[in-house]
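**Student:** Would you be able to build a 3D model of this:
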Amino acid sequence: DFEERFKPRFRNPISTGWDLIDNISKGGLGQKELGVVIAPTGAGKSMVLVHLGAQAVLEGKTVIHYTLELQDTVVANRYDSCITEYPLSDLMGFKDEILEKVQDSEGKLIVKEYPTKSASTNTIKTHLSKLQKRGIKPGMIIVDYADLLKPVVVRKEKRAELESIYEELRALS
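**Tutor:** Residues are numbered from 1 along each chain as shown. Now for the predicted structure:
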């Protein structure tokens, strides 16, 4: 339809919390967009993902964070630190203050842990369907990390499997 092409579309981006990245990406990550964090081992990719998720929680969004590498409690502690600005090393000493600040956040966080290579994009799709049936609408979905998802279709080459996984994640968005 000709007219449909000229209707304004709204991305409703979620800020990354970093002005430089927000400027480059026109306000942050938008609806139906797939963001990928790439860096060497030990460079802090998981912390970057937590930071992005925490920004969304602070903006009142519901964040569904899938972890295939770290324990769900470790990820949740990182969110607590990021949202409250208490250092990770001090979390145990400020439990009550952290609980109060986290409860005051407008957004919600769900951390779901799957063992490495035990979950596929279909597993995530099924979990998201269950959440939606409970009235939970995600504002941001984080997968840490996609390379550890089980491929839906096994391919001869690892790169073909990864390509397929990322295409499936893009379709999920």
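**Student:** Show me the strands in this protein, by range?
**Tutor:** Assigned by DSSP state E, the strands in the chain fall at 62-67, 108-113, 140-144.
**Student:** Which strands and helices lie in contact with the shortest one?
**Tutor:** So the one you mean is strand 140-144. helix 45-58, strand 62-67, helix 121-133 (3 or more Cβ pairs under 8 Å, 6 or more residues apart in numbering; DSSP states H and E). C-betas here are computed from N, CA, C, even on glycine.
**Student:** Now do the second one against helix 121-133, angle only.
**Tutor:** Read that as strand 62-67. Strand 62-67 and helix 121-133 meet at an angle of 150 degrees, taking axes from the mean of the first three to the mean of the last three Cα atoms, to 10 degrees as the criterion.
**Student:** can you give me the angle strand 62-67 makes with strand 108-113?
**Tutor:** 20 degrees.
**Student:** Tell me which residue is most central in this structure.
**Tutor:** residue 142 (1.8 Å; Cα atoms, centre = their mean).
**Student:** you'd agree that one is up against residue 55?
**Tutor:** No. Between residue 142 and residue 55 there is no contact under Cβ atoms under 8 Å: 11.3 Å.
**Student:** Verify the contact between residue 148 and residue 69 for me.
**Tutor:** Yes. Counting by Cβ under 8 Å, residue 69 is a contact partner of residue 148 at 6.1 Å.
**Student:** who touches both of these two?
**Tutor:** residue 116 (Cβ atoms under 8 Å, 6 or more residues apart in numbering).
**Student:** Could you check how far the worst-scoring helix or strand of the chain on mean pLDDT is from the centre of its chain?
**Tutor:** Least confident helix or strand of the chain, by mean pLDDT, DSSP states H and E, is helix 2-5 with a mean of 83. Taking Cα atoms, centre = their mean, to the nearest Å, one finds the center of helix 2-5 at 33 Å from the center of the full chain.
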